[in-house]
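Trainee: return atomic coordinates for the entry below.
(one chain, ligands or ions: 1)
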Amino acid sequence: MITLSAPAPQPATPQGPPVPPPDLSAALSLRGLWKRFGEKIAVAGISLDVPAGSFYGLVGPNGAGKTTTLSMATGLLRPDFGSASVLGTDLWSDTVTAKRRLGVLPDGVRLFDRLTGAQLITYAGLLRGLDRDTVAERTEDLLRAMDLVADRDTFVVDYSAGMTKKVALASAMIHAPRVLVLDEPFEAVDPVSAANIRDILHAYVADGGTVVVSSHVMDLVQRMCSHVAIVGGGHVLAAGTVDEVRGEQTLEDRFVDLVGGRKEGEGLAWLRSSSV
Ligand SMILES: Nc1ncnc2c1ncn2[C@@H]1O[C@H](COP(=O)(O)OP(=O)(O)OP(=O)(O)O)[C@@H](O)[C@H]1O
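Mentor: Below is the predicted model of the structure:
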């Protein structure tokens, strides 16, 4: 019997005017990125320039396309269309050079969690080609900075969500990349650790590094970031310095204005009249 398989879905066709060439001086320059999963267009032509030396926030509602965009910007996911360059190097034509400059904290990617925290950070350093002495020294520094010294010999599989986030962040930093791309770095992290991590990131930016973070916490982005992009429905709705984007409003109010979705009225009346 002959089985005919359905034709593979074709990528969505990008529409709109041609995109300008990438900004070679930018830490990250994204041009016309598109990604479709089956019928769902997750990212529909995103172009963004992240200036070198900026602290850049990427915000948007659930399902806006942030993770998909960051995955395409860091070489974890191949776009259907569009390009990404890292400090002037095209990610998909010179992947090794571009990725060497990046430290990435992906969202939801499994770690080698049968290693201890110290082993995982060490492994990341060796994988990046650092010599053993440098790896040992930096591993100790990172364990201290992330407040993980007491749990250095605990298997990562037994870490809490926040500890797992911190050990993944340490692993992303060990090779001292020029650009850090962090998907939800503060999610599940306790306030003291979050403040320590923010200090580390600010010092890194002050020394010329670039940080891109995705977050849902508008107040944090407004205080922490120099630049922000608001994405919704796979598009960039606004981008620029935080002050340009928010204007006279708070970033949260601007976000709600652009994205919409506040539900008016009572809603879930049954929940308030529970009789059990
Ligand atoms: N591997 C996948 N297969 C199918 N659909 C996907 C896949 N990855 C993402 N999507 C869909 O693409 C859209 C964008 O998802 P994405 O994870 O990029 O959003 P996000 O802005 O990071 O959301 P959140 O804030 O909830 O993390 C969503 O509708 C999601 O369901």
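Trainee: now the residue lying closest to Leu28 once chain neighbours are set aside: phi and psi?
Mentor: Distances taken as CB to CB, 6 or more residues apart in numbering put Val50 closest to Leu28, at 4.1 Å, once the chain neighbours are dropped. Placement of C-beta: from N, CA and C, glycine included. Backbone torsions of Val50, given as degrees, to the nearest 10, read phi -100, psi 110.
Trainee: strands of the stretch 101-250 of the chain, start to end?
Mentor: Shown for the stretch 101-250 of the chain, the strands assigned by DSSP state E, counting those that start in this stretch span residues 102-105, 179-183, 210-214, 227-232, 235-241.
Trainee: Arg78 is nearest to which of the ones you listed?
Mentor: Nearest of those to Arg78, taken as CB to CB: strand 102-105 at 15.2 Å.
Trainee: and the gap between the residue nearest to Leu28 and Arg114?
Mentor: Computed as CB to CB, to the nearest Å, the Val50 to Arg114 distance reads 35 Å.
Trainee: more crowded one of the two?
Mentor: Taking neighbours as other CB atoms under 10 Å, Val50 and Arg114 compare with Val50 leading, 25 against 10.
Trainee: got the end-to-end distance for stretch 220-235?
Mentor: For stretch 220-235, the first-to-last residue distance is 22 Å (CA to CA, to the nearest Å).
Trainee: from here on, count from 78
Mentor: That works, and once the first residue is 78, the last one we named lands at stretch 297-312.
Trainee: is any residue of it near the ligand?
Mentor: No: Stretch 297-312 is not in contact with the ligand by CB under 6 Å from any ligand atom; minimum separation 6.9 Å.
Trainee: got the residues of the protein near the ligand?
Mentor: Going by CB under 6 Å from any ligand atom, the residues of the chain near the ligand are Phe114, Lys117, Ala119, Gly137, Asn139, Gly140, Ala141, Gly142, Lys143, Thr144, Thr145.
Trainee: again, only this time at 8 Å
Mentor: Residues of the chain lying near the ligand by CB under 8 Å from any ligand atom: 112, 114-115, 117, 119-120, 137-148, 184, 260-261, 291, 293, 308, 311.
Trainee: in stretch 155-174, what's buried?
Mentor: 156-168 (16 or more other CB atoms under 10 Å).
Trainee: for stretch 323-341, that is, sorry about that
Mentor: Neighbour-count burial for stretch 323-341 flags Arg323, Leu328, Arg331, Phe332, Val336 (criterion: 16+ other CB under 10 Å).
Trainee: just those now: which is nearest the ligand?
Mentor: For those, the residue nearest the ligand by CB to the nearest ligand atom is Val336; the value is 11.1 Å.
Trainee: identify the bridge partners of the closest residue in space to that closest one that isn't next to it in sequence.
Mentor: Residue nearest to Val336 in three dimensions, not counting chain neighbours: Gly309, with 4.8 Å by CB to CB, 6+ apart. Listed by DSSP bridges, the beta-bridge partners for Gly309 are His312.
Trainee: who's in contact with the residue nearest to Leu105?
Mentor: By CB atoms under 8 Å, 6 or more residues apart in numbering, the contact list for Val127 reads Ala103, Ala104, Leu105, Ser106, Tyr133, Val256, Thr287, Val289, His304.
Trainee: let's have these in a markdown table, adding pLDDT and distance to Glu214.
Mentor: Converted to a markdown table, the contacts of Val127 look like this (pLDDT from 0 to 100; distance: CB to CB, whole Å):
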| residue | pLDDT | distance to Glu214 |
| --- | --- | --- |
| Ala103 | 97 | 32 |
| Ala104 | 97 | 27 |
| Leu105 | 97 | 29 |
| Ser106 | 97 | 34 |
| Tyr133 | 98 | 29 |
| Val256 | 97 | 23 |
| Thr287 | 97 | 24 |
| Val289 | 97 | 27 |
| His304 | 98 | 33 |
